[in-house]
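S.K.: Pasted the sequence and its predicted model underneath.
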Amino acid sequence: MRFSGSAVRVFLAAVFCLGLGRAQEPGEIRGIVLDVRGGEPLARVEVQLLGTNHHAVTDGQGRFSLPQVTPGDYLLHVSTVGYRLLKKQFTLAAGEIREFEIALSPESFRRTETIEVRAGPFELEQYDSPSQLTLAGAEAKNLASVLADDPLRAVQGLPGVASNDDFESRFSVRGADYHRVGLYLDEVLLHTPFHIVQGEPSSGTLTIFNADTLEDISLHGGAYPVRYADRTAAVLDVHSREGSRVRPSMRATASASNAGLLAEGPLGRNRRGAWLAGVRKSYLQYILRRTVTDPSLAFGFLDWQGKVSYDLTRDHHVSLSVVDGFSDLDRSRARGQLGANSIMTSNYHFTLANLAWRYTPHERFVLTNRVAYMRERFTNRNREDLDLVGGYYGEYIWNAGANWMWRNRNPLEAGWTVRRLRDDGYTNLYQFNPLAVQRLDEFRGTGLRMGGFVQQSWSGFEGRLNLAAGLRWDRQSVNQIQAASPQVSAAIILRPSTRIHFGWGQYVQYPEIRWLFSNFGNRRLLPERATHALVALDQRLDERTRLRLEFFQRQDRDLLFRPLYEPRFLGDEIFNPPLDAPIANSVRGYARGFEIFLQRRSANRLTGWISYTLGYARLRDGRTGISFPSDQDQRHTVNVYLSYRLRPTVNLSAKWIYGSGFPVPGFLRRVGDEYFLSGSRNDLRLDSYQRIDTRINKAYPFDRWKLTLYAELVNLLNRRNLRFDSFNGYDPMTGQAYLSFNKMFPILPSVGVALEF
């Protein structure tokens, strides 16, 4: 059969058109967006193909669909406020239906494409720590102040934490002050990791490490595991994150007080490691100098930190992290207004280096070793540039640990710690006309603290009963005192939604080296001791909501105190204390109460908590026989945090903190507007503290980067809150006392910005 040329041409054209039509047949892109921590579906997430009009917002199940997409090469762009920007390159073939499972990382979490599977939103807590509370996801970022962006200010919003001071990062837990709270960063107990004016008790503090480099923060309010050492009230366990192994990225931030830059990325072509580096610089001091007519305070800081991690082999992982910060105070412009013993200039330098090695020879056995070096150096000078206070603190640390899962759900944990400590310092007192100097205190000494622990956990009855028991041993070389500290805990799961937790433990905290060698102390000082007991009921109202009720008691003894340091009335006469009043283990006491909070944890819609704590903390000094409330005794504490993602690019949050008031330390009473010495201690209290802060985060995603604006209103109700500043002396004839109080933040707007590349 023969075909004409025109027929062949028509046939070929038809085939070509059919093929072209099939080549242009549109495809479809669909998928689900999940939170990387736990895999919760994320609603209100923007999904778009860059350079096209294809755009979608995920539904309540985190799903999206982009139909009728022309074949070709595309860049998928996924973003929402509070999460890292994610971009995926891909090719869509003709008629193809492309499915994606996308894991978004919170801004405070390392960038990863692997979902971290958890049993539920509250499973961050461990059974061997019955009082653990953890800040997760965007909680730490939203709770930290825009003005300071301080991770410890986020901790102040947790249930049971009291901090009635706008200028302080430090806080108290259940009637105990901060020096009894252990702050761990990557398993190293820190000493004073703050931008601070040393030797100035009323100065403010700002945490040296950057909130954007942290992965999680956990507070253990009582009966915590024996792996934590040398603190008797509570533990704050902080872990820094690794850099991104996905791709290099950069984040620049700026607020009203400081600016920062954070960069991270993978190491090597095979991405066996990652690096992370960040720096922050304060410019608040420059603003003060230009906006205040006669500034007497100009406090600034600079800090940086970095971390490198690498997988040497499948079994060997190493990491090195460094934190370094420098802060200074300069009142030289107010030199003429300063007294002989007032600080004109001050500087403080903190350094921490931490090298870790993890060996995993078997999936059931992990061995870790860590060596660290910590250094603190500070100097304060007066208007004549003479030294007022100075000192050096240093530590060499070796931590070793092993975890053996010898049976399913029955891990055996053991560890060992060696810390070599050095502490040098002095305090001078000046008078003029004629010039004379008195050395109030001087100390220089070293010591070795060693300790080890073992803990066995057991789970039975199909996971309904979980037990943990541990024993810790510690020794200090200066006074040769050894101590054994047991701890036990239990978690009983009555039903999937109801749990009861029990905890009991004894804890030891050795005196600072400075007190062992100080003119006011001695080498025979004993360690402080505490015994914790608690019971808690945890009721799940639904998958993401729980109600928790906890009763706690802490018995304290051998607490360090200076019984004869404060002036007071003894009968009808005034007691004038000596300048060299000694320190002694003379105080014992208790803290008891209950805590109740309702919490909802979700990556969608409403998240947060409402908590109330009733507590009583009383002490008794054995030398004088005086009983009194502790300096941090606050009967009523309310902490509220609420956050809501209104739109894909807008998140609104609010924080309310209420405290019924701390005592003003000392033997004081108030008569009208004047203050006088008293015969009883800590009867005078500050007025109640109350502050409501609101914050809105607005994200603007662009093709290659994302801009986020933060706006905050501090002290929304413009409440007048006061802090106790100093005791300025007294009249030895009348007993009138002179006190200083500082006003804290009025209603104060603050803004910040972050750029993510």
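M.R.: Structure's in. What do you need?

S.K.: In three-state terms, label the closest residue to residue 324 other than its chain neighbours for me.
M.R.: Of all residues not flanking residue 324 in the chain, residue 351 sits nearest, at 5.0 Å (Cβ to Cβ, 6 or more residues apart in numbering). C-beta coordinates here come from the backbone N, C-alpha and C atoms, glycine included. Classification of residue 351 by DSSP: H, G, I helix; E, B strand; the rest coil places it in strand.

S.K.: pretty sure residue 351 contacts residue 372?
M.R.: No - Residue 351 is not in contact with residue 372 according to Cβ atoms under 8 Å; the separation is 10.6 Å.

S.K.: more crowded one of those two?
M.R.: Neighbour totals were compared for residue 351 and residue 372, and residue 372 leads with 22 against 16 (other Cβ atoms under 10 Å).

S.K.: ok, so what distance separates the more buried one from residue 337?
M.R.: To residue 337, residue 372 is 42 Å away according to Cβ to Cβ, to the nearest Å.

S.K.: Show me the helices in the chain, by range?
M.R.: 5-23, 139-143, 151-155, 284-291, 513-517 (DSSP state H).

S.K.: Comparing the ones you listed, which yields the minimum mean pLDDT?
M.R.: Within the helices of the chain, the stretch with the lowest mean pLDDT is helix 5-23, showing a mean of 51.

S.K.: Would you mind listing the buried residues in the longest strand anywhere in the chain?
M.R.: The single longest strand within the chain, with elements called by DSSP state E, is strand 436-460. By 16 or more other Cβ atoms under 10 Å, the buried positions in strand 436-460 come out as 441, 443, 445, 447, 449-459.

S.K.: Which elements pack onto it?
M.R.: Other helices and strands packing on strand 436-460, by 3 or more Cβ pairs under 8 Å, 6 or more residues apart in numbering; DSSP states H and E, are strand 410-431, strand 465-476, helix 513-517.

S.K.: can you list these in CSV and add distance to residue 194 and mean neighbour count?
M.R.: Listed next are the helices and strands packed on strand 436-460 as CSV, based on distance: least, Cβ to Cβ, whole Å; neighbours: other Cβ atoms under 10 Å:
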stretch, distance to residue 194, mean neighbour count
strand 410-431, 17, 18
strand 465-476, 25, 19
helix 513-517, 17, 20
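
S.K.: How many neighbouring residues does the closest residue to residue 58 other than its chain neighbours have?
M.R.: Leaving aside its sequence neighbours, residue 58 sits nearest to residue 45 (Cβ to Cβ, 6+ apart; 4.4 Å). Counted with other Cβ under 10 Å, the neighbours of residue 45 add up to 26.

S.K.: ok, residue 45 - contacts?
M.R.: Contact analysis of residue 45 by Cβ atoms under 8 Å, 6 or more residues apart in numbering lists 33, 57-58, 62, 64, 78-80, 83, 104, 648.

S.K.: Next one: it relative to residue 713, how far apart?
M.R.: On the measure of Cβ to Cβ, residue 45 and residue 713 end up 27 Å apart.

S.K.: cool, and residue 556?
M.R.: Going from residue 556 to residue 713 by Cβ to Cβ gives 39 Å.

S.K.: more neighbours, the two?
M.R.: Shown here are residue 556 and residue 713; by other Cβ under 10 Å, residue 556 has more neighbours (24 against 16).
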